[in-house]
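Visitor: Take this sequence and fold it.
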Amino acid sequence: MIGGPVRGRHHRFMMVVVVAVMAAPLLVPLSWKPAWGQQATSQRFAPLFPVRQQGQYGYIDRAGTMVIAPQFDGASHFAEGLAPAERTGRWGYIDPSGRYVIPPQFDDARPFSEGMARVLRDGRWGYIDRTGKLVIEPRFDQARKFSGGLAAVAVKDRWGYIDPAGRDVIEPQFEDAEDGAEGLLPVKRDGKWGFIGPDRTVKIAMQYASANRFSDGLARIKLNGKWGYVDRTGRQLIPPRYEDATSFSEGWAAVSLDGKWGYIDATGRTVLAPRYNKASFFIEGLASVEIGQQSGYIDRSGALVWSASLEPHARSKGGR
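Guide: Reported below is the predicted structural model:
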């Protein structure tokens, strides 16, 4: 089985099968200066997708072949050549052969992004490099991944942004904050979400019930109880009308109407009709879905590439 919820406030419908694959790796910026649009120059690895069978996690390739046999208590997707994997209550990082290269030692762990990964130790979040060395000591109550040279972090109940050296770039002041992308940072102030620039100026007014990072030039926003998408000027390109939605990825987004999930393109045109109980965005040409009592990966034609019966109590970590 592959099913089971992936943790993440903005992706509560995602499944373990969903967190598949590696994103294109990015270099770590040497200062806090935003690195929007930075070119990926690190080595790429063949995509692997986490799956669950008989209570254990392994990984398949894009053809659905089991590459790493189920053996982990929890798992997440590969990013920059490594994936978080859990054994006996501790998290470490494995390589594409399934070998631990950073031994299990953390209470929680998330995928790498821009050369750093979030780890939890003694109730506080910090960041490690690819050798497993703590480069930012655990001191945050909550933390997001690095994106564009910045990471959103929380101290007590206030969010701000740090650079890869752990220095405050935008001091904690917001009620919540998300990963930045494409030059804009989603933040919450006075109960409403909007977008600021790295220079702290408001770029899109605080007006939304929820908002997420930009992807493919569009950001997911919630207004009047429905989800839609805005461009970088704040213009509604796809008006809010969906019960739920994912961010865009590879030109498509998963959206929910009348309790079923399907897919739209950047114009709002339906490309895969709503028929799934749950669905996630596409990564490396595949997306995870649940349909009936099956959970699996589909390709862009909607054909199932891999599927198995749903299992309860899946334990995986989201890609946030």
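Visitor: Now for Leu223, how many residues are close by?
Guide: Using other C-beta atoms under 10 Å, the number of residues around Leu223 comes to 17. (Each C-beta comes from the backbone N, C-alpha and C, glycine too.)
Visitor: Can you say which helix or strand has the nearest residue to Pro240 once chain neighbours are set aside in it?
Guide: Distances taken as C-beta to C-beta, 6 or more residues apart in numbering place Gly228 nearest to Pro240, at 3.4 Å, with adjacent residues excluded. In this structure, Gly228 sits in strand 226-230 according to DSSP states H and E.
Visitor: Give the pairing partners of that strand; include direction for each.
Guide: According to DSSP bridges, strand 226-230 has the following sheet partners: strand 218-223 (antiparallel), strand 236-242 (antiparallel).
Visitor: Any idea how far stretch 249-262 is from the middle of the chain?
Guide: Relative to its parent chain, stretch 249-262 has a centroid offset of 16 Å by C-alpha atoms, centre = their mean, to the nearest Å.
Visitor: swap that for stretch 160-174, sorry
Guide: For stretch 160-174, the distance to the chain centre is 20 Å (C-alpha atoms, centre = their mean).
Visitor: Please apply the same query to stretch 242-260.
Guide: Centre-to-centre, stretch 242-260 and its host chain are 15 Å apart (C-alpha atoms, centre = their mean).
Visitor: May I see the buried residues of it?
Guide: Across stretch 242-260, burial judged by 16 or more other C-beta atoms under 10 Å covers 242, 244-249, 252-257, 260.
Visitor: ok, the nearest residue to Tyr127 once chain neighbours are set aside - contacts?
Guide: Leaving out its chain neighbours, the residue that sits closest to Tyr127 by C-beta to C-beta, 6+ apart is Ile136, at 4.1 Å. Contact analysis of Ile136 by C-beta atoms under 8 Å, 6 or more residues apart in numbering lists 116, 126-127, 162, 164-166.
Visitor: give me that answer again for 10 Å
Guide: Shown in contact with Ile136 (C-beta atoms under 10 Å, 6 or more residues apart in numbering): 116, 118-119, 125-129, 143, 146, 151, 153, 162-167.
Visitor: Who does Lys226 form a beta bridge with?
Guide: Leu223.
Visitor: if I look at it, how far off is Ala205?
Guide: According to C-beta to C-beta, to the nearest Å, Lys226 and Ala205 sit 19 Å apart.
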